[in-house]
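In: How does the following fold in three dimensions:
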Amino acid sequence: MEQKIFQDFDFSDFWEDSDHSLTEYVEDSPTDELIYSVEQELGFKLPASYIELMKIHNGGTPKNCCFPTAESTSWAEDYCAITGIMGIGRTKTYSLCGSLGSQFMIDEWGYPYTGVFICDCPSAGHDMIMLDYSKCGKEGEPEVVHVDQEWDYKKTFLAKDFETFIRGLVSSAVFDTSEQDLINTLDTFKTGQFSDILQEYFKKDTSINFDRILRNLFTELTTNKGYFGLHADELSYLAYDIQFYLLSINKSIKNRQHFQKEYPHMVAMGNKEITTGGYADFFLDWFDQKINSKQITKKLFGGLTFTDSYKSYLFEQIKKYD
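Out: Numbers count the residues shown, from 1 in each chain. The predicted structure follows:
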């Protein structure tokens, strides 16, 4: 069964509808005819997730305007920022086909014609966010990339698709965390509790102290980032490894959809102190990678598990956190 777009995502507090945003960005909900004509003008088929969001709220400024990056950009060492998301239309300044829209950035600023520019940035044109069709073709599902005009139009990968990009946006406060806030977060790893369900999972394999390992792993990860969040970095992937292992020995995980349903209750949306308080789809990218590399396999009597060789590798990797 096809996965519903933005399933379980709450948009009730997503948009910052300031006077500027309403005047410069927000269009009326797009008709199918308008969507088609904009696609024809731009030369690319817009992603279903982008169209879905624009039908709910056609352009504007989200309250969370920052996206973590694995490498530095012209804006910051570990994130990029957006001013707003362009809507589908022609009447507003910052619509896809508006006076300062996607085609303008290509024609006037020399940005590459390899996709659709959907977000402008605080640099006022010197960097942009683009739906990149370089790999998928004009009819495919584009990746989301940051394009640096200041750095010879360098592309920095952000997300595999638009929905993942939206789910991955975070508040600017994340990157302004005070020293005391960071200390408080690190203290939580010392004294706080994991979710009830994760504490139950720990009991299944007592040969390894997963409680201590996760606390130490999260401490290192948070110290490195400056905040607690699981994304697409090496330590986050190790955290996904541990969570999947614990799931696999406590439940029969049948498929990707089942894993997607069970994952949030451990750390992402846990009911105790140690939780990220939300999640994007980076854990699903991790899952796909493990499946494609055949590091996850089927159990003899059903359900998914790590291969014996990968379990051995994982246990070696986590020794340093025990």
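In: neighbours around residue 266, how many?
Out: Here the neighbour count serves as a burial measure; for residue 266 (other C-beta atoms under 10 Å) it reads 22. C-beta coordinates here come from the backbone N, C-alpha and C atoms, glycine included.
In: How about the contacts made by residue 236?
Out: Contacts of residue 236 were listed using C-beta atoms under 8 Å, 6 or more residues apart in numbering, and they are 221, 229, 230, 282, 286.
In: Please report how far the second one lies from residue 221.
Out: So the one you mean is residue 229. For residue 229, the distance to residue 221 equals 8 Å [C-beta to C-beta, to the nearest Å].
In: try the third one
Out: Taking C-beta to C-beta as the measure, residue 230 and residue 221 are separated by 8 Å.
In: Overlap of the contact sets of those two?
Out: Shared between the contact lists of residue 230 and residue 221 (criterion: C-beta under 8 Å, 6+ apart) are residues 236, 239.
In: who's more crowded, the two?
Out: Higher neighbour count among residue 230 and residue 221: residue 230, with 24 against 21, using other C-beta under 10 Å.
In: Can you tell me the closest non-neighbouring residue to that one?
Out: residue 236 (4.2 Å; C-beta to C-beta, 6 or more residues apart in numbering).
In: three-state assignment of that neighbour?
Out: helix (DSSP: H, G, I helix; E, B strand; the rest coil).
In: Which residues belonging to the helix or strand bottoming out on mean pLDDT in the chain are considered buried?
Out: Ranked by mean pLDDT, DSSP states H and E, the weakest helix or strand in the chain is helix 179-191, scoring a mean of 89. When burial is assessed from 16 or more other C-beta atoms under 10 Å, helix 179-191 yields the following buried residues: 182, 185, 188, 189.
In: And stretch 35-44, by the same measure?
Out: Neighbour counts using 16+ other C-beta under 10 Å place 35, 38, 39, 42, 44 of stretch 35-44 among the buried residues.
In: Closest one to residue 271 out of those residues, please.
Out: Of all those, the one sitting nearest residue 271 is residue 35; the distance, using C-beta to C-beta, is 40.8 Å.
In: That closest one and residue 88 touch, don't they?
Out: Yes - assessed by C-beta atoms under 8 Å, residue 35 is found in contact with residue 88 at 5.8 Å.
In: Need the residues touching each of these two.
Out: Between them, residue 35 and residue 88 share the neighbouring residues 46, 51, with contact defined by C-beta under 8 Å, 6+ apart.
In: What ranges does the stretch 151-300 of the chain have for its strands?
Out: Taking DSSP state E, counting those that start in this stretch as the criterion, the stretch 151-300 of the chain carries its strands at 154-159, 296-298.
In: strands paired with the shortest one, and their directions?
Out: The one in question is strand 296-298. strand 304-306 (antiparallel) (DSSP bridges).
In: Pull the distance from whichever helix or strand comes after the partner strand to the chain's centre.
Out: If you walk from strand 304-306 toward the C-terminus, the next helix or strand you reach (DSSP states H and E) is helix 308-318. Centroid separation for helix 308-318 versus its chain: 27 Å, with C-alpha atoms, centre = their mean, to the nearest Å.
In: Please apply the same query to stretch 103-111.
Out: The answer for stretch 103-111 is 27 Å, by C-alpha atoms, centre = their mean.
In: for the residue nearest to residue 22 when sequence neighbours are not counted, which residues make a bridge with it?
Out: Leaving aside its sequence neighbours, residue 22 sits nearest to residue 60 (C-beta to C-beta, 6+ apart; 7.6 Å). Residue 60 has these beta-bridge partners by DSSP bridges: residue 85.
In: That's all I had, so thanks and see you.
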